[in-house]
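>>> This is a predicted model, with the sequence first.
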Amino acid sequence: MVRAPSLSGVILAAGESTRMGTDKALLPWPPSHRGHILSTFLSASIDRLTSVSDFVIVVVGRNEPNLAPVVYANGASLVRNPSPERGQFSSLQIGLQEVLNRGRDAAFVTLVDRPPAAEGTLTTLHSVMTTAPYSQWAFIPEYQGKHGHPVLLDRSIIQAFLDAPPTSNAREVEHQNQQHIAYIAVDDPFVTLNVNTPEDYAALVSAR
């Protein structure tokens, strides 16, 4: 039987970006060499997820005033984490609850601190999900042996994340449901990339 989940996208963007010194969501991407910012990590991620999802939700924190114009200009929706200091897992639970509130049963979830994954990566994850047994709940891209984002989650593991105590983290929930997770090899270095410091971003830009 072919699975035909209704897909949504969730971007976690409520972090303080303290090591970067500026909001990572608004870093130019792709980098412009003429000084004109046409796109950012956030808008590029929205665009990529929109191509495979019914809608995209961006979870913001205290940075809402700065991110809201980008979110709305790119056709996404916004939900605020009122206590981002509780950590990324709290934003994940807020985003996934909104997915269920809107009647969807699967979600791509990614972080805003990187360029978006290749479109082929998303379509590969989706293709694997549609033919996978219902006992597989999550589909995680893997590049050179490292797991990354975006992850594709079905309703069962979404519920597992929502049922977990607020003090949990995503890795703990994954370990508890290891038998339900499939790791999918992809040829896409962006899935494992993290941009946390100005040096990380400079290296990424210079490699373009």
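Alright, I've got the coordinates.
>>> how about the helix or strand where Ile184 lies: buried residues?
Using DSSP states H and E, the element containing Ile184 is strand 181-185. Using 16 or more other C-beta atoms under 10 Å as the test for burial, strand 181-185 gives Ile181, Ala182, Ile184. For glycine as for every other residue, the C-beta is placed from the backbone atoms N, C-alpha and C.
>>> Next secondary structure element downstream of it?
helix 198-206.
>>> Which positions in that following helix come out as buried?
Neighbour-count burial for helix 198-206 [16+ other C-beta under 10 Å]: Asp200, Tyr201, Leu204, Val205.
>>> pretty sure the second one is touching Leu27, no?
The one in question is Tyr201. Yes - using C-beta atoms under 8 Å, Tyr201 makes contact with Leu27 at a distance of 6.0 Å.
>>> Nearest residue to the residue sitting nearest the centre point of the chain in space, please, no chain neighbours.
Centroid-nearest residue in the chain, with C-alpha atoms, centre = their mean: Thr110, separated by 0.9 Å. Leaving aside its sequence neighbours, Thr110 sits nearest to Pro150 (C-beta to C-beta, 6 or more residues apart in numbering; 3.7 Å).
>>> what about that neighbour, distance to Ser8?
Noted for Pro150: a distance of 12 Å to Ser8, by C-beta to C-beta, to the nearest Å.
>>> Would you state the helices of the chain in chain order?
41-50, 64-73, 88-101, 119-131, 155-163, 170-176, 198-206 (DSSP state H).
>>> got the angle between the last one and helix 41-50?
This points to helix 198-206. Regarding helix 198-206 and helix 41-50, their directions subtend 60 degrees when assessed with axes from the mean of the first three to the mean of the last three C-alpha atoms, to 10 degrees.
>>> CA atoms only for helix 198-206, dumped as CSV, please.
Output in CSV follows, covering the C-alpha atoms of helix 198-206 (Å, rounded to 0.1, in the frame of the first residue of the first chain):
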residue,chain,number,x,y,z
PRO,A,198,30.9,34.3,11.6
GLU,A,199,33.8,32.1,10.7
ASP,A,200,31.4,29.2,9.8
TYR,A,201,29.5,31.6,7.5
ALA,A,202,32.6,33.1,6.0
ALA,A,203,33.9,29.6,5.2
LEU,A,204,30.6,28.6,3.6
VAL,A,205,30.5,31.7,1.5
SER,A,206,34.1,31.3,0.3
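>>> contacts for it?
Contact with helix 198-206 is made by Met20, Gly21, Leu27, Pro31, Pro115, Leu193, Asn194, Val195, as judged by C-beta atoms under 8 Å, 6 or more residues apart in numbering.
>>> what about it, distance to the chain center?
21 Å (C-alpha atoms, centre = their mean, to the nearest Å).
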